[in-house]
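Asker: quick one: sequence and predicted model below, then my questions.
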Amino acid sequence: MRAALLALAVAAAFPAGALAQDDVGLPLGSTVPAAQVQDLDGRALDLAQLIGRKPVLVEFWATWCPICAALLPRMEAAYQRYGTRVDFLVVGVGINESRSSMQRHLDRHPMPFRFFFDADGAAVRAFQAPSTSYVVTLDAQGRVVYTGTGSDQDLETALRRALGERRGS
């Protein structure tokens, strides 16, 4: 588990475009195995309970991640456009992070997404997250339609895929 968490920290230091979109983590078309996380009140939840009803965008994130901060304007714009049709879930990784540090950060810098904490790396392993800023988009059936890392991800295209929309729809 420590190796997976260390890999996240190391990968977060890569330049924003170092990993190609759709070529990292989970294979396209796959489904995500169950993964226990905690809400910010410490209650356990299986992420699988939130997948398979409507499209979902999941970002692996940390308060200390500069790439996550750079991706935030794209995330917020995507939420403004698609937030009523897509669930936006942010999973805080357990590297130099705690639920309380996440909560303090969100109190100072509110964001409209649902936040969870991955204390033991279960979600990191289940989603094969190579780094923070890793985004996985799932369609309404829970199949992976997009993966990517970095601050310049095309979330618009990822969300259109998840919703089954074509360009110009």
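Answerer: Structure received. Numbers count the residues shown, from 1 in each chain.

Asker: quick one: Leu106 and Phe115 touch, right?
Answerer: Yes: Leu106 lies in contact with Phe115 (Cβ atoms under 8 Å); the separation is 6.5 Å. Placement of C-beta: from N, CA and C, glycine included.

Asker: neighbour count winner among the two?
Answerer: Applying other Cβ atoms under 10 Å to Leu106 and Phe115 shows that Phe115 carries more neighbours, namely 19 against 16.

Asker: now do the SS call for the residue nearest the centre of the chain.
Answerer: With distances taken as Cα atoms, centre = their mean, the residue of the chain nearest its centroid is Glu59 (1.2 Å). Three-state assignment for Glu59 (DSSP: H, G, I helix; E, B strand; the rest coil): strand.

Asker: who does it bridge with?
Answerer: Val90, Val135 (DSSP bridges).

Asker: next up, the contacts around it.
Answerer: Glu59 makes contact with Cys68, Leu71, Met75, Phe88, Leu89, Val90, Val91, Phe113, Ser133, Tyr134, Val135, according to Cβ atoms under 8 Å, 6 or more residues apart in numbering.

Asker: with neighbour count, distance to Thr147 and pLDDT added, can I get these in a markdown table?
Answerer: As requested, the contacts of Glu59 are exported to a markdown table (neighbours: other Cβ atoms under 10 Å; distance: Cβ to Cβ, whole Å; pLDDT from 0 to 100):
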| residue | neighbour count | distance to Thr147 | pLDDT |
| --- | --- | --- | --- |
| Cys68 | 23 | 16 | 96 |
| Leu71 | 25 | 14 | 97 |
| Met75 | 22 | 15 | 97 |
| Phe88 | 22 | 16 | 97 |
| Leu89 | 21 | 15 | 97 |
| Val90 | 21 | 16 | 97 |
| Val91 | 27 | 14 | 96 |
| Phe113 | 19 | 18 | 96 |
| Ser133 | 29 | 11 | 93 |
| Tyr134 | 30 | 7 | 96 |
| Val135 | 26 | 7 | 97 |
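
Asker: okay, these in a markdown table with distance to Gln38 next?
Answerer: Formatted as a markdown table, the contacts of Glu59 follow (distance: Cβ to Cβ, whole Å):
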| residue | distance to Gln38 |
| --- | --- |
| Cys68 | 19 |
| Leu71 | 23 |
| Met75 | 21 |
| Phe88 | 18 |
| Leu89 | 13 |
| Val90 | 13 |
| Val91 | 10 |
| Phe113 | 16 |
| Ser133 | 21 |
| Tyr134 | 19 |
| Val135 | 21 |
